[in-house]
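Q: pasting the structure only:
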């Protein structure tokens, strides 16, 4: 039976799905995938598979789920929190072959892309239509859109344009049980629970995205970039406060300290002002007249704060020269230190000066250098803790210092992450931000999507409960259940029975999931588990064409819903195009292997007049 399959037994079945050449079992090749961008956490996966389609991904996940084998999805491997760290006893599903830009729709200003598409390539594809994709992580040349969805990535320009969650309007996902479904309808209009918002930033714990509908933003009429040099970080911080207080919202406000400037100079010769204790990069975009007025105001505020030099650029080449040092900052510190920890915390803008002062004090006390690079406009800090990994004592001191920086962020009312995620690296800090009841309530959402705890297990939560990820499950009733705010699922194979809290005899024995508003299920006693819902075969028989219903997740419950059963229910679709020439479709050319016929793409245009 499938349930009894070992990892070795999965290999031929996975090969039948994705092709033997796309299933990696060689120990040396597997080492390629032992970590993401955070190299301090490593684990060699039992095997790696590279699907080429959503259907292949769903089949792979379904096989893992049936066999009880944990699985982890991976994009480009640029993450900085260990979010894509594989399981040594599990399957790593690498999405890099799924890199088609399926559609660019300039009329609706949307695109449909696969998860392996790189961030920057979306903007390049949209550029001929005067559009771009706004989220821009520093790794945008290589990071994938699927990875951006998992971590809710931002970037330098998120101050004005927002994070990934503000630019994704629909997701095709593979649920942890291996079923394909859509979250959102592609319009961005939410009816009921915002499941797209819940999925984005969930760090791969709620499923795997296989198609992503993104908003495209018109290219601004004018873009102007200023670089201001300051003798100290405090002076640069004063300029940031002055700009925001003036009611100006730049596209980006970035700051680098002397140590990070030194590294950038060594790496890319960015030519920043010599002797600067800090540099501030301010970029303004929008209508030309508005940008022109704001540039004058920002110049004045920067000078008032004590700028020793200001440089301006209004053409692409000169702007790129200013941004070169900032974009290379993380990798550049490798020029001045054998190892480093990239940290990611958030503090209120008003606390920037105090927190930076505390970081400097902690650095001096520990004898460990810290380079500061950060999104000054929204208080998202990226301290780079520099150390020699050849010394175990220094490595340990660096870890302690890194944790103390996060503690400082929390102390000043901030967060342990702004855009890099929690992953495995920061899960131990979650109890410092949230109490046990908060964490258990979050777990209810996770368990609703993944009651078997197979989808990227061991991430985000320090001591997973209710889903059986580790021993020591809760022995009492969950607070949300006791308060009548949630119910728990009992899972019998593929059937779910909702048990109201009053009926729970042994809640510690249940694999829990919130059932807020579950559909199609009834408590036991009215026919047992089999009476909770008509069988899949019976449901299919009543549906035109006899097609089994797709599983949809509503709110925080798992239920079955017959797609198309209601005439008012539509699969996701763009508004009807107004001109045939206004639509551009990218054809898949990277794979010649034939795959089984699939249903019509949910974004194909309505036919007829």
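A: All right, it came through fine. Here the structure is a predicted model, which is why all the values come from computation and not from measurement. Numbers count the residues shown, from 1 in each chain.

Q: Buried ones in stretch 114-124, by neighbour count?
A: For stretch 114-124, a neighbour-count test (16 or more other CB atoms under 10 Å) marks 114, 115, 116, 117, 118, 119, 120, 121, 122, 123 as buried. For the C-beta atoms, the positions are set from N, CA and C on the backbone; glycine is no exception.

Q: From those, pick the one nearest residue 410.
A: Closest to residue 410 out of the buried residues of stretch 114-124 is residue 119 (29.6 Å), distances taken as CB to CB.

Q: Check the burial of the closest residue to the closest one other than its chain neighbours by counting its neighbours.
A: In this structure, residue 119 finds its nearest non-sequential neighbour in residue 140, 4.0 Å apart by CB to CB, 6 or more residues apart in numbering. Residue 140: 22 surrounding residues under other CB atoms under 10 Å.

Q: repeat for the one 4 residues further on
A: Burial of residue 144, expressed as a neighbour count using other CB under 10 Å, amounts to 28.

Q: And it, how far from residue 443?
A: As judged by CB to CB, to the nearest Å, residue 144 and residue 443 stand 27 Å apart.

Q: do the same with residue 250
A: From residue 250 to residue 443 the distance is 39 Å (CB to CB).

Q: sorry, back to before: test my guess that the residue nearest to residue 119 contacts residue 117.
A: No - look at residue 140 against residue 117 with CB atoms under 8 Å: they stay out of range, at 11.4 Å.

Q: any idea how this protein splits into domains?
A: 2-94, 101-218, 222-336, 438-533 (automatic domain parsing).

Q: Out of the ones you listed, flag the one nearest residue 396.
A: domain 2-94 (11.7 Å).

Q: just how off-centre is the closest one within its chain?
A: On the basis of CA atoms, centre = their mean, to the nearest Å, domain 2-94 sits 19 Å off its chain's mean C-alpha point.

Q: What average pLDDT does it get?
A: Domain 2-94 shows an average pLDDT of 94 in the prediction.

Q: Quick one: neighbours of residue 189, just the number.
A: Residue 189, neighbours per other CB under 10 Å, totals 8.

Q: Helices - which of the buried residues of stretch 114-124 land there?
A: Among those, the members falling in helices (DSSP state H) are 119, 120, 121, 122, 123.

Q: shouldn't the first one be in contact with residue 138?
A: Just to be clear, that refers to residue 119. No - applying CB under 8 Å, one finds residue 119 not in contact with residue 138, separated by 10.2 Å.

Q: picking up where we left off before, now distance to residue 416 too, for the domains of the chain, in a markdown table please.
A: What follows is those, written out as a markdown table (distance: least, CB to CB, whole Å):
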| stretch | distance to residue 416 |
| --- | --- |
| domain 2-94 | 10 |
| domain 101-218 | 13 |
| domain 222-336 | 18 |
| domain 438-533 | 11 |
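
Q: Residue 426 is nearest to which of those domains?
A: domain 2-94 (6.1 Å).

Q: Which parts of the stretch 151-300 of the chain are helices?
A: For the stretch 151-300 of the chain, applying DSSP state H, counting those that start in this stretch gives helices covering 158-161, 195-199, 233-245, 258-268, 288-304.

Q: To residue 335, which of the ones you listed lies closest?
A: Of the helices of the stretch 151-300 of the chain, nearest to residue 335 by CB to CB is helix 258-268, at 4.0 Å.

Q: List the buried residues in the closest one.
A: Buried, per 16+ other CB under 10 Å, within helix 258-268: 258, 259, 260, 261, 262, 263, 264, 265, 267, 268.

Q: Now those residues in TSV, please, with extra columns for distance to residue 363.
A: Listed next are those as TSV, based on distance: CB to CB, whole Å:
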residue	distance to residue 363
258	13
259	10
260	13
261	16
262	15
263	15
264	19
265	21
267	21
268	25
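
Q: closest to residue 151 among those?
A: Closest to residue 151, out of all of these and judged by CB to CB, is residue 260, at 22.4 Å.

Q: Not counting its neighbours along the chain, what's nearest the closest one?
A: Sequence neighbours aside, residue 371 is the residue nearest to residue 260 in space, at 4.2 Å (criterion: CB to CB, 6+ apart).

Q: number of nearby residues for the one you found?
A: A count of nearby residues for residue 371, using other CB under 10 Å, gives 26.

Q: thinking again about what came up before, sort out which one of the buried residues of helix 258-268 lies nearest residue 150 for me.
A: Closest to residue 150 out of those is residue 260 (26.9 Å), distances taken as CB to CB.

Q: dump the residue contacts of residue 58.
A: Listed by CB atoms under 8 Å, 6 or more residues apart in numbering, the contact set of residue 58 reads 174, 178, 179, 180, 210.

Q: which stretch of helix or strand covers it?
A: Per DSSP states H and E: residue 58 is located in helix 54-67.

Q: buried set for that helix?
A: For helix 54-67, burial by neighbour count (16+ other CB under 10 Å) applies to 54-65, 67.

Q: What is the nearest of those residues to residue 46?
A: Ranked by distance to residue 46 (CB to CB), the buried residues of helix 54-67 are led by residue 64 at 10.9 Å.

Q: Tell me which residues touch the closest one, please.
A: Taking CB under 8 Å, 6+ apart as the test, what residue 64 contacts is 10, 70, 71, 90, 91, 178, 454.

Q: Mind picking the two most distant members of those residues?
A: Spanning the widest gap among these are 90 and 178, at 14.8 Å by CB to CB.

Q: Under the pLDDT cut-off, which ranges of the protein? List them.
A: Under the criterion pLDDT under 70, the flagged ranges of the chain are 1-4, 464-609.

Q: Tell me the helix or strand right after the longest helix belonging to it.
A: For the chain, the longest helix by residue count, based on DSSP H, is helix 392-411. Moving toward the C-terminus from helix 392-411, the next helix or strand (DSSP H and E) is helix 430-433.

Q: What is that following helix packed up against?
A: Packing partners of helix 430-433 (3 or more CB pairs under 8 Å, 6 or more residues apart in numbering; DSSP states H and E): helix 392-411.

Q: ok, and what's touching the helix it packs on?
A: 339, 341, 343, 345-347, 355, 358-359, 362-363, 366-368, 370, 381, 383, 385-389, 415-416, 426, 429, 432-433.
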